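Colleague: Please find the sequence and the predicted model below.
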Amino acid sequence: MTAFKAISPIDGQTLGEFSAASLEDIQIMMAKARSAVKAWSALSVKQRCQILSKFNTLVLSDLDNLCTTISRTTGKVMTEALLGEIYPVLDLAAYYCRHADKILSPQSVVTSPFSFPGAEAQIIRKPFGVVALITPWNYPFQITVCQLLGALIAGNAVILKLSEFSLPIGKVIVDLFNQLDLPADTVQWLIGDGKSGAQLIDAAPDIVVFTGSLNTGRVVMQKAAQQPVPVILELGGKDAMIVCADADLERTANAAVYGAFCNSGQACVSVEQLYVEQPCFNAFLKKLCAVTANLKVGQNAEGDLGVMTVSSQIEKVKVQYDDAINKGAKVSVPLNIQGSAINPIILWDVTDEMLIMQEETFGPLLPIIPFINEDEVIRLANQSEFGLNASVWSRDIKKAERIARQLQVGNWAINDVIKNIGHPRLPFGGCKHSGFGRYRGAEGLLQMTYPVSGLTSSSHFQREPNWFPYSEDSYLAFKGYLDVLYGKGSFFSRARRNLPALQGFREYSSFNLKQSWQNLKLSLPWKREY
Ligand code: NAD
């Protein structure tokens with residue numbers, strides 16, 4: 001049996017040993033999840049929320065220990081653990097527990113009294129069943145728990161597959177959920193690496209929710225296609241920050257440094273391309289270098305950047321840095337790697353030929369690029385294969401929003417950075433190669449369910465007009481009917497010219513008035529749900 005040793009990237013201390021699940025274990029987990037979901041999904045959304053509403057109290061009662069485990073496992077500093085991993089989870093849990101019942105409630109939809117006389121229509125939401133939740137190492141608590149909460153509230157059972165670099169956090173998460181009054185096996189934790197993740201998909205969950213790199217996302221989607229089961233992919237990013245010359249340069253420089261270097265740049269929404277309008281480029285670069293020079297790398301209370309979580313990322317940063325230098329980039333300070341710590345660096349004179357402009361960096365390197373006008377910067381920002389988050393900075397909000405709306409991204413912020421993705425009511429996700437699907441917000445919750453459409457007829461006819469037998473008369477009657485509904489001219493002229501053809505419907509002329517009145521009421525704009 002494979003065993004994983006969790007080692008802190010801060011000091012190399014062993015944080016625990018974890019035995020990987022075997023293929024047989026995974027099959028047993030799947031069977032248990034299938035039986036757990038029956039009990040869990042039978043509860044109402046309100047009941048599920050009531051059970052999960054105790055989660056926040058549990059988190060708050062053990063906050064320092066939680067932050068310490070997160071910090072020691074990932075290498076991020078304690079404040080980063082608190083703000084980036086815990087706060088958004090508490091916010092989302094509170095929002096969902098308050099609003100999920102309404103979001104997931106059945107919706108009456110408008111029913112045409114002509115096409116569906118005497119009928120009512122509704123959409124109900126059903127949980128998929130068993131969710132395979134596969135998550136990365138950079139925000140292992142926040143990403144896993146936010147997606148887990150959505151999946152659970154919607155009525156699913158979940159098998160968690162955290163990154164092999166986040167195992168102590170997996171333990172913390174299951175310990176927390178084990179203290180809630182959930183049916184046994186509603187939340188199970190599969191310990192393992194990519195191989196186990198692949199085996200989990202082969203075990204045929206009902207949906208795969210994957211967050212990770214683009215390349216793994218492609219493999220995950222291929223595997224899911226073999227079943228097939230739906231996938232949600234939350235992949236990488238190469239986020240642009242666009243600074244117009246009329247921006248508040250002091251605030252914007254502080255924001256750029258935070259956006260690029262929080263969690264040592266290991267965020268899918270890190271600022272990785274900083275576009276600055278030509279007239280303020282030099283002044284802004286000077287400010288940026290000065291703010292960056294004041295950052296502290298280290299694990300003490302004043303540390304801004306912790307250490308890199310995994311050694312392969314350190315290598316990637318080094319490769320991109322060397323490539324940029326060899327191709328002529330200038331840097332604020334030379335790269336300095338001390339153990340797992342890397343100093344933050346601003347790069348300029350960068351070109352499209354450099355790796356740093358082509359690939360996700362996921363480390364503390366920030367390239368800055370000048371631009372001439374709106375059209376140019378939109379074109380430059382949209383060149384990236386990714387489309388996750390972006391920010392635009394200007395005192396002219398109309399202009400900033402005009403630029404933002406033309407960016408090919410799933411999310412944007414004006415005059416703020418990264419924080420937008422933590423808004424509990426805003427769905428988060430990407431476009432292009434940043435993936436598809438959303439979590440957070442009402443949309444994120446709905447995506448943990450599938451819609452079931454229902455039509456209830458109260459018609460008393462022995463036969464509906466569209467049923468057999470067909471005849472020439474029925475063809476002509478329907479042709480006339482379509483002309484009445486969608487043809488040219490006023491409704492009355494359309495009705496008049498088609499009266500002879502509509503005689504084919506005379507046996508249905510007395511339709512259910514009461515029901516049609518209901519339908520009409522539902523179609524009034526202020527009653528309309530969809
Ligand atoms: P990764 O793709 O290496 O691994 C992600 C998860 O997938 C891990 O749990 C891993 O064990 C598992 N896995 C690996 N191979 C698998 C396979 N063949 N089948 C099933 N599962 C498999 O990603 P990572 O290095 O852990 O995370 C960094 C990446 O995640 C970056 O690209 C980052 O941008 C992205 N990310 C995206 C978001 C987002 O919301 N869009 C958020 C955080 C991180």
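Modeller: Cool, the structure landed. Residues are numbered from 1 along each chain as shown.

Colleague: switch to C-alpha atoms for all contacts and neighbour counts from now on
Modeller: Fine.

Colleague: Residue 209 in helix, strand or coil?
Modeller: State at residue 209, reduced to three classes by DSSP: H, G, I helix; E, B strand; the rest coil: strand.

Colleague: OK, contacts around it?
Modeller: 131-134, 231-233 (C-alpha atoms under 8 Å, 6 or more residues apart in numbering).

Colleague: Equivalent analysis for residue 446, please.
Modeller: Going by C-alpha under 8 Å, 6+ apart, residue 446 touches 103-104, 125, 154.

Colleague: about what we covered before: for the contacts of residue 209, which one is nearest residue 185?
Modeller: Nearest to residue 185 among these is residue 131, at 12.5 Å by C-alpha to C-alpha.

Colleague: what bridges to that closest one?
Modeller: Judged by DSSP bridges, the bridge partners of residue 131 are residue 158, residue 207.

Colleague: which among the contacts of residue 446 end up buried?
Modeller: Among the contacts of residue 446, the ones that count as buried by 16 or more other C-alpha atoms under 10 Å are 103-104, 125, 154.

Colleague: picking up where we left off before, of the contacts of residue 446, which belong to strands?
Modeller: Taking DSSP state E as the definition of strands, the contacts of residue 446 contribute residue 125.

Colleague: out of the contacts of residue 446, who's nearest residue 243?
Modeller: Distances from residue 243 to the contacts of residue 446, taken by C-alpha to C-alpha, are shortest for residue 103, at 37.0 Å.

Colleague: these two touch, right, the closest one and residue 442?
Modeller: Yes - between residue 103 and residue 442 there is a contact at 6.2 Å, judged by C-alpha atoms under 8 Å.

Colleague: thinking again about what came up before, rebuild the contacts of residue 446 as CSV, extending it with pLDDT.
Modeller: Formatted as CSV, the contacts of residue 446 follow (pLDDT from 0 to 100):
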residue, pLDDT
103, 98
104, 98
125, 98
154, 98
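
Colleague: And the closest residue to residue 366 other than its chain neighbours, which helix or strand is it part of?
Modeller: Leaving aside its sequence neighbours, residue 366 sits nearest to residue 346 (C-alpha to C-alpha, 6 or more residues apart in numbering; 4.8 Å). If you go by DSSP states H and E, residue 346 is part of strand 345-348.

Colleague: Please, where are all the strands along the stretch 301-450 of the chain?
Modeller: Secondary structure of the stretch 301-450 of the chain, counting by DSSP state E, counting those that start in this stretch: strands at 330-331, 337-338, 341-342, 345-348, 365-371, 386-387, 389-393, 411-414, 431-432, 435-436, 449-457.

Colleague: What average pLDDT does the fourth one get?
Modeller: Taken as a whole, strand 345-348 has an average pLDDT of 98.

Colleague: Summarise which helices and strands that strand is packed against.
Modeller: If you count contacts as 3 or more C-alpha pairs under 8 Å, 6 or more residues apart in numbering; DSSP states H and E, strand 345-348 packs onto helix 281-293, strand 330-331, strand 365-371.

Colleague: For that strand, give me every contacting residue.
Modeller: When contacts are defined by C-alpha under 8 Å, 6+ apart, strand 345-348 is touched by residues 288-289, 292, 329-335, 364-369.

Colleague: before we move on, the earlier item: what's the closest of the buried ones among the contacts of residue 446 to residue 319?
Modeller: In terms of C-alpha to C-alpha, no member of the buried ones among the contacts of residue 446 lies closer to residue 319 than residue 154, at 43.4 Å.

Colleague: The closest residue to the closest one other than its chain neighbours: what's it in contact with?
Modeller: Leaving aside its sequence neighbours, residue 154 sits nearest to residue 127 (C-alpha to C-alpha, 6+ apart; 5.6 Å). When contacts are counted by C-alpha under 8 Å, 6+ apart, residue 127 touches 41, 154-156, 448-450.

Colleague: And residue 205, by the same measure?
Modeller: The neighbours of residue 205, taking C-alpha under 8 Å, 6+ apart as the test, are 30, 129-132, 229.

Colleague: Give me the buried subset of the residues you listed.
Modeller: Using 16+ other C-alpha under 10 Å, the buried ones in these are 30, 129-132.

Colleague: The helix or strand hosting residue 272 vs strand 389-393, what angle?
Modeller: Per DSSP H and E, residue 272 falls inside strand 271-277. If you take axes from the mean of the first three to the mean of the last three C-alpha atoms, to 10 degrees, strand 271-277 sits at 30 degrees to strand 389-393.

Colleague: Pull the residues that contact strand 271-277.
Modeller: Strand 271-277 has contacts (C-alpha under 8 Å, 6+ apart) with 238-245, 256, 259-260, 265, 284, 357, 360-361, 365-373, 377, 390.

Colleague: got it, and stretch 318-337?
Modeller: Under the contact criterion C-alpha under 8 Å, 6+ apart, stretch 318-337 has outside partners 289, 342-343, 345-351, 354-356, 361, 365.

Colleague: Now for residue 476, how many residues are close by?
Modeller: The local packing of residue 476 (other C-alpha atoms under 10 Å) involves 17 other residues.

Colleague: Within the helices and strands, which one has it?
Modeller: helix 472-486.

Colleague: Flag every buried residue along whichever helix or strand comes after that helix.
Modeller: Moving toward the C-terminus from helix 472-486, the next helix or strand (DSSP H and E) is helix 491-502. Using 16+ other C-alpha under 10 Å as the test for burial, helix 491-502 gives 494-495, 498, 501-502.

Colleague: Give me the neighbour count for the nearest residue to residue 422 once chain neighbours are set aside.
Modeller: Distances taken as C-alpha to C-alpha, 6+ apart put residue 88 closest to residue 422, at 5.5 Å, once the chain neighbours are dropped. The local packing of residue 88 (other C-alpha under 10 Å) involves 22 other residues.
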